[in-house]
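Engineer: quick one: sequence and predicted model below, then my questions.
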Amino acid sequence: MYIMFKIILHLSFLFLVDRSLSSPIKQNKTKVLILGAGLSGIKAAKTLLDRNITDILILEGKNYTGGRIHAIEFANYSIETGANWIHFVNDGETKPIVDRRDAKKMQGLTSNYSDILVRDEAGNDITDFAVLREFYDKIEHKIEDYQLKRKGQPDFPARVGMQMMGWSAEQPIKSVIEYFNFDFEFARSPEVVSFHNMFERGEDFFIADGRGVWSMYEDLYKPLEAKTLLGKLVKKIKYNADSVEVQTSDGWSYQADYALCTFSSGVLASDLVTFEPALPDWKKRGHL
Ligand SMILES: Cc1cc2nc3c(=O)[nH]c(=O)nc-3n(C[C@H](O)[C@H](O)[C@H](O)COP(=O)(O)OP(=O)(O)OC[C@H]3O[C@@H](n4cnc5c(N)ncnc54)[C@H](O)[C@@H]3O)c2cc1C
């Protein structure tokens with residue numbers, strides 16, 4: 001009896017392996033596939049649900065939803081590994097997020113970046129408010145007007161733009177200011193950050209709440225849990241004018257009338273996902 005059970009187990013395993021290696025396992029067709037369960041994918045799916053488009057399936061590569069809004073447990077604390085700030089809390093465009101923060105009574109701190117401490121490599125306090133002020137007066141405060149005047153003209157590196165506006169980093173403290181504004185903020189140096197993407201800082205809110213930033217969006221992702229498949233790493237997206245087929249790394253294939261791909265430009269610029277036919281060049285340029 002035991003041997004028989006073992007043989008059946010082995011046979012079924014072989015069957016599974018064989019199927020995943022050859023032709024993909026097909027799923028029933030859905031109306032819409034949402035690729036990625038970050039905020040964009042979840043919000044898009046909830047918007048469809050609210051409009052009675054319920055034949056939706058969300059495919060997510062990780063084993064959690066939220067994407068780049070994600071907290072981990074560390075030494076009994078919840079640490080955000082991605083988005084932590086609500087930027088420009090006084091700006092009308094941010095109101096929907098600020099309303100969520102208030103409805104959930106999220107704990108945190110407001111920051112306007114006026115209280116800054118700069119140290120050199122030996123740990124000495126080299127804060128010089130005159131220099132901090134210079135960056136604000138020469139660059140930050142004027143940047144948006146300057147960009148507006150150049151509207152429609154080609155972009156260039158932030159380094160070039162700052163030089164044109166009268167700033168150069170000839171002192172260590174100035175390099176620190178640049179590090180804070182570019183390398184830290186954009187994960188790139190001023191040589192490669194777009195001048196047109198520079199902005200003046202406003203008032204921000206740092207969320208420090210054990211429930212995690214993603215909990216602010218519970219009303220969006222909860223109703224979609226039954227329609228979300230985790231651990232589904234998309235490898236191939238085949239599309240034509242009428243339908244889409246999405247293949248995942250575990251050998252499954254999902255069909256739909258429409259698919260919405262919410263992967264980051266970094267993912268799209270890599271070789272992780274193959275599009276068939278390949279995306280047009282103008283779209284690929286946007287991923288760089
Ligand atoms: C370290 C860090 C700090 C940040 N801080 C802030 C901040 O303080 N304030 C702020 O407003 N914004 C911040 N952001 C930006 C913010 O997190 C993102 O703009 C936002 O979360 C993007 O959401 P999204 O749904 O568009 O993309 P994502 O969250 O990236 O969602 C895309 C989803 O697709 C999935 N996916 C990707 N490839 C595949 C694949 N091949 N198959 C299946 N699934 C796949 C991903 O796992 C992910 O879940 C930060 C980002 C990072 C990385």
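Structural biologist: Sure, I can see it. Numbering: from 1, shown residues only.
Engineer: drop to CA atoms for contacts and neighbour counts, all remaining ones
Structural biologist: Will do.
Engineer: find the nearest non-adjacent residue to L33, please.
Structural biologist: What sits nearest to L33 in space, not counting adjacent residues and going by CA to CA, 6 or more residues apart in numbering, is A259, at 4.5 Å.
Engineer: the one you found and G38: what is the separation?
Structural biologist: For A259, the distance to G38 (CA to CA, to the nearest Å) stands at 15 Å.
Engineer: I177 should be in a strand, yeah?
Structural biologist: No: counting by DSSP: H, G, I helix; E, B strand; the rest coil, I177 is located in no strand; its state is helix.
Engineer: my guess is it meets R133, correct?
Structural biologist: No: applying CA atoms under 8 Å, one finds I177 not in contact with R133, separated by 10.7 Å.
Engineer: R188 contacts F182, correct?
Structural biologist: Yes: contact between R188 and F182 holds when scored by CA under 8 Å: they sit 6.3 Å apart.
Engineer: neighbour count for those two, which is higher?
Structural biologist: Comparing R188 with F182 by other CA atoms under 10 Å, the one with more neighbours is F182, at 20 against 14.
Engineer: surely that one meets V192?
Structural biologist: No: counting by CA under 8 Å, F182 does not reach V192; the two are 9.5 Å apart.
Engineer: contacts only, for I69.
Structural biologist: 38-39, 80-84, 213-214 (CA atoms under 8 Å, 6 or more residues apart in numbering).
Engineer: compare the residues you listed and tell me which has the most neighbours.
Structural biologist: Most neighbours among the contacts of I69, by other CA under 10 Å: V213, with 24 neighbours.
Engineer: distance check, it against E80.
Structural biologist: 8 Å.
Engineer: remind me, longest strand of the chain?
Structural biologist: When the chain is parsed with DSSP state E, its longest strand is strand 252-261.
Engineer: tell me the strands beside it, with direction?
Structural biologist: Using DSSP bridges, strand 252-261 pairs in its sheet with strand 25-26 (parallel), strand 30-35 (parallel), strand 244-248 (antiparallel).
Engineer: and the spatially most central residue of the chain, what is it in contact with?
Structural biologist: Geometric centre of the chain, nearest residue: R68, 4.7 Å, by CA atoms, centre = their mean. The neighbourhood of R68, defined by CA under 8 Å, 6+ apart, consists of 38, 81-83.
Engineer: quick one, helices of the chain?
Structural biologist: Under the criterion DSSP state H, helices of the chain are mapped to 2-21, 39-50, 95-103, 129-135, 141-149, 158-164, 172-178, 184-186, 218-221, 265-269, 281-285.
Engineer: and these: which comes nearest the ligand?
Structural biologist: Among the helices of the chain, the nearest to the ligand by CA to the nearest ligand atom is helix 39-50 (3.7 Å).
Engineer: what angle separates that closest one from strand 252-261?
Structural biologist: Between helix 39-50 and strand 252-261, the angle comes out at 90 degrees (axes from the mean of the first three to the mean of the last three CA atoms, to 10 degrees).
Engineer: pull out the buried residues from helix 39-50.
Structural biologist: 39-42, 44-46 (16 or more other CA atoms under 10 Å).
Engineer: one step back: kindly provide the whole-number mean pLDDT of the longest strand of the chain.
Structural biologist: Throughout strand 252-261, pLDDT has a mean value of 97.
Engineer: same thing with stretch 41-48?
Structural biologist: For stretch 41-48, the per-residue pLDDT averages 98.
Engineer: quick one: contacts for the closest residue to E245 other than its chain neighbours?
Structural biologist: Spatially, and ignoring its direct neighbours in sequence, E245 is nearest to Q255 (4.6 Å; CA to CA, 6+ apart). By CA under 8 Å, 6+ apart, the residues touching Q255 are 26-30, 33, 243-246.
Engineer: same deal with I79?
Structural biologist: 71-73, 212 are the contacts of I79 under CA under 8 Å, 6+ apart.
Engineer: what do you get for I177?
Structural biologist: Per CA under 8 Å, 6+ apart, neighbours of I177: 132, 135.
Engineer: check the one 5 residues further on too.
Structural biologist: Contacts for F182 were tallied using CA under 8 Å, 6+ apart; they are 188-190, 193.
Engineer: against H87, how distant is V98?
Structural biologist: V98 is 10 Å from H87, by CA to CA.
Engineer: okay, those two: which has more neighbours?
Structural biologist: More crowded of V98 and H87, by other CA under 10 Å: V98, with 21 against 18.
Engineer: per-residue confidence at the residue nearest to the more buried one when sequence neighbours are not counted?
Structural biologist: If the residues on either side of it in the chain are set aside, V98 comes closest to V89, at 6.6 Å by CA to CA, 6+ apart. Confidence at V89, expressed as pLDDT, is 95.
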